[in-house]
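S.K.: for reference, the sequence and a predicted model appear below.
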Amino acid sequence: MYAQPLLIALISLLCLQVSSKLTGYGQTLSKALRERSVGGLDRELQAATKDAHLVKRHESFFTVTYLELSYIDGTFGDPQSLGAYVQCNSSVPLLLLEDFEHLTEIINCEPGSITISLPSNDNWEATDGTLRELERGGLVVTSHVGCNSHGERSLFRIGNITADQVHSSIVLDAVPATWEASFTSIAVKMYPIKEKHTLRSQPKLRVRQDDAVPTSTRSNNRPAYTISEPTATSTADVNTFNLTQGLINKPLIGSANSSVQVTCKNCSTFGTLDFSFTSFVWNIPKDLEGGEITVVANSMGARVELLINVTGNDTLNVPLFVVPLLYGIAVKGIGAVGLLYAPTVHVEFALNGSITFEYGFEINVPDKSRLFIDMTDPKNSTIQGFDETSITEIPFQASVDVNKAVIDVSLRHQIQAGFFFDSVSASIGMGVYLDLPRYRAEFEKVEGVDENCTTLAMSQSENKGLAQELLTNAYNITPSVNWQVGVAGEAKLFGVGPDIGFAFGNGTIDNLPSTCLMFNQTSKTYVDAKKVISDAKKNGASRSDVRKGAMVWLALVSICVILAT
């Protein structure tokens, strides 16, 4: 029913707390959107009406239980223009006042009331009867002076109604209502502007209009926001994040005297991610319908090279970006749609002592790798390409030798997409997390091994004798790499509701060889055991040649001495 690529839809107020699966790894979208909204989001959609609807003038008032409201930023014909539908279902009578303003003379909004003045008493009984359907609980949507700011629509719950036939006016007692608490379902979806729209002009006095249809124009009264440079680009169908970010020699955790110090020697991401969405529909407060997300990677990769000074055992989660990549679109007067990319480095270690070490990896994701997330039926979710990611290990280096250590270094790509209401009384949030890679390495001191860390008893190496002599401080590093994809989020109304979380894909990346190192006590560095043996053989051969040469010269000298005597 609501299936069309879009930037997202309802996640009706994204995540005040997006489930522990996501909040443990970075900033939530709702928090990021609220902080950004102080200075203005990247785009702002304002209340509008399709021009085709302007000519469909109703001859009398009537109430409905379903609304489809339009909001736009841009104009017809502009490829970057963007529109949004807010679709609402109600269990009580509902009146969209702008649909009937051509039947009125004055619409006057004041605190606590909305006054509708008619040009005459024609159809008085029918009009009075229709409006009384709203009495004691009905809803009215306005876009008029005194009821809301320019570019917005506001929602009011109606109480008593007072009719004055002498003055042809009807007064509705009205109190502000929240969108999420007033409707049985809400959907928000984006669409390309393929037909002309007119921005709402927020009238107070509306005399019967002629048949001319206004042209679509931009308002000259748009707020003067100071907008930071976008971190993503957007069309009505696809949103693209440029992932090129990096931290070079950046201290992340700990002071000089703390027991844990983490520095990013080089923590960087590169490439782009394309996002496509179909709409979310929230059947309040029960469940979600729709909700499909497609993520496509283009030239995506990352390098995580860490310098860590630690003692004992610990676990660290470090946001890779101080400010997550955020793209926000405001639907004025209702809430904001947003996309968030917040990668996080996860480090876990266990060792018997203190150590300062350097370690990490570089990954390259195959082009056009794709994630398809089906929120309502996780079994339909699929992953392609990401499991074929190539991984290059950055050589382990440390200043001391340890008997045993286990180090986990993971890169979590966290993607959140959602919509939050300005009123903040409800929240629906969805996020995708991709743990790629989850890199684990076990360091263990070994004895009696060859240059491959194979025990000498089992070794087929021709260098067993040399290895037994030289590899007295050898370490075997056994790596394992896996990945996991999952979804996490929540659906809450007034703070009550279920958390949503599941992993739908995981696997292991094979063909990762173990590494055999030797700790050099002189240089205090770890050296590849194969290189130790190779260098020793070269040096040993050179010394042998020198000894042979010396013996030859000694023999010649001896012969000369004998002949001389």
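M.R.: Good, I have the coordinates.

S.K.: could you list the domains of the protein?
M.R.: Listed domain ranges for the chain are 43-199, 232-533 (source: automatic domain parsing).

S.K.: and those, which one averages the lowest pLDDT?
M.R.: When these are ranked by mean pLDDT, domain 232-533 comes last with a mean of 76.

S.K.: tell me who's in contact with Leu45.
M.R.: For Leu45, the contact set (CB atoms under 8 Å, 6 or more residues apart in numbering) comprises Tyr71, Ile72, Asp73, Leu82, Gly83, Ala84, Ile329, Ala330, Val331, Lys332. The C-beta positions use only the backbone N, C-alpha and C, and glycine is treated the same way.

S.K.: which residues touch Leu97?
M.R.: Contacts of Leu97 (CB under 8 Å, 6+ apart): Ile107, Ile114, Ile116, Val140, Val141, Thr142, Ser143, His144.

S.K.: secondary structure element for Glu348, which one?
M.R.: Element membership of Glu348, judged by DSSP states H and E, is strand 344-364.

S.K.: who does that strand touch, helix- and strand-wise?
M.R.: When contacts are defined as 3 or more CB pairs under 8 Å, 6 or more residues apart in numbering; DSSP states H and E, strand 344-364 sits against strand 261-277, strand 292-319, strand 390-398, strand 404-421, strand 426-446.

S.K.: in a markdown table: the ones you listed, plus distance to His346.
M.R.: Shown next, in a markdown table, are the helices and strands packed on strand 344-364 (distance: least, CB to CB, whole Å):
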| stretch | distance to His346 |
| --- | --- |
| strand 261-277 | 11 |
| strand 292-319 | 5 |
| strand 390-398 | 16 |
| strand 404-421 | 4 |
| strand 426-446 | 8 |
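
S.K.: residue ranges for the strands of the stretch 401-550 of the chain, please.
M.R.: 404-421, 426-446, 474-493, 499-509, 515-520, 525-528 (DSSP state E, counting those that start in this stretch).

S.K.: what about the contacts of Leu97, which one has the most neighbours?
M.R.: Ser143 (28 neighbours; other CB atoms under 10 Å).

S.K.: wait, it touches Gln46, no?
M.R.: No - the criterion here is CB atoms under 8 Å, and Ser143 misses it with Gln46 at 9.7 Å.

S.K.: find residues that contact each of those two.
M.R.: Joint contacts of Ser143 and Gln46 (CB under 8 Å, 6+ apart) are Glu152, Arg200.

S.K.: can you name the residues bridging to Cys264?
M.R.: Legend: beta-bridge partners of Cys264 under DSSP bridges are Lys250, Leu306.

S.K.: now for it: which residues touch it?
M.R.: So Cys264 contacts Leu247, Ile248, Asn249, Lys250, Leu252, Val304, Glu305, Leu306, Leu307, Leu320, Val345 (CB under 8 Å, 6+ apart).

S.K.: can you give me the neighbour number for Gly151?
M.R.: Count around Gly151 with other CB under 10 Å applied: 22.

S.K.: from here on, count from 200
M.R.: New numbering, starting at 200: the last item is Gly350.

S.K.: Leu253 touches Thr397, doesn't it?
M.R.: Yes - in this structure, Leu253 is within contact of Thr397 by CB under 8 Å, at 6.6 Å.

S.K.: what's the separation between Glu243 and Ile271?
M.R.: Separation of Glu243 from Ile271 (CB to CB, to the nearest Å): 10 Å.

S.K.: so if I had to pick from the two, which one is more boxed in?
M.R.: Ile271 (23 against 20).

S.K.: buried sites along the helix or strand harbouring the more buried one?
M.R.: If you go by DSSP H and E, Ile271 is part of strand 263-272. Neighbour counts using 16 or more other CB atoms under 10 Å place Leu266, Leu268, Ser269, Tyr270, Ile271, Asp272 of strand 263-272 among the buried residues.

S.K.: do the same with stretch 464-475
M.R.: Buried-residue list, stretch 464-475, by 16+ other CB under 10 Å: Lys464, Asn465, Cys466, Ser467, Thr468, Gly470, Thr471, Leu472, Asp473, Phe474, Ser475.

S.K.: from these, pick the one nearest Tyr674.
M.R.: Lys464 (21.5 Å; CB to CB).

S.K.: with adjacent residues omitted, what lies nearest to that closest one?
M.R.: Glu504 (4.5 Å; CB to CB, 6 or more residues apart in numbering).

S.K.: residue contacts, that neighbour?
M.R.: With CB under 8 Å, 6+ apart, Glu504 has these contacts: Cys463, Lys464, Asn465, Cys466, Glu557, Tyr558, Gly559, Ile593.

S.K.: what's the nearest residue to the third one if we skip its chain neighbours?
M.R.: Translated: Asn465. Glu504 (4.4 Å).

S.K.: and the strands in the stretch 250-399 of the chain?
M.R.: Under DSSP E, counting those that start in this stretch, the stretch 250-399 of the chain gives strands at 263-272, 281-295, 305-309, 312-316, 338-341, 353-363, 368-375, 384-390, 396-398.

S.K.: for the fourth one, name the packing helices and strands.
M.R.: So that's strand 312-316. Contact partners of strand 312-316 among helices and strands, from 3+ CB pairs under 8 Å, 6+ apart: strand 305-309, strand 368-375.

S.K.: who does the shortest one touch, helix- and strand-wise?
M.R.: Spelled out, that is strand 305-309. Judged by 3+ CB pairs under 8 Å, 6+ apart, the packing partners of strand 305-309 are strand 312-316.

S.K.: in its sheet, what does the strand it packs on sit against?
M.R.: strand 305-309 (antiparallel), strand 368-375 (antiparallel).

S.K.: was I right about Gly527 contacting Gly534?
M.R.: No - between Gly527 and Gly534 there is no contact under CB under 8 Å: 10.5 Å.

S.K.: so the two - more neighbours on which side?
M.R.: Gly534 (28 against 24).

S.K.: burial check on the residue nearest to Ala373 when sequence neighbours are not counted, number of neighbours?
M.R.: Leaving aside its sequence neighbours, Ala373 sits nearest to Phe355 (CB to CB, 6+ apart; 3.9 Å). Other residues near Phe355 come to 26 when the count uses other CB under 10 Å.

S.K.: check Lys736 too.
M.R.: Neighbours of Lys736 (other CB under 10 Å): 12.

S.K.: repeat that for Ser319.
M.R.: 8.

S.K.: now it. Nearest residue, chain neighbours left out?
M.R.: Using CB to CB, 6+ apart, the closest residue to Ser319 is Ser367 (6.4 Å).
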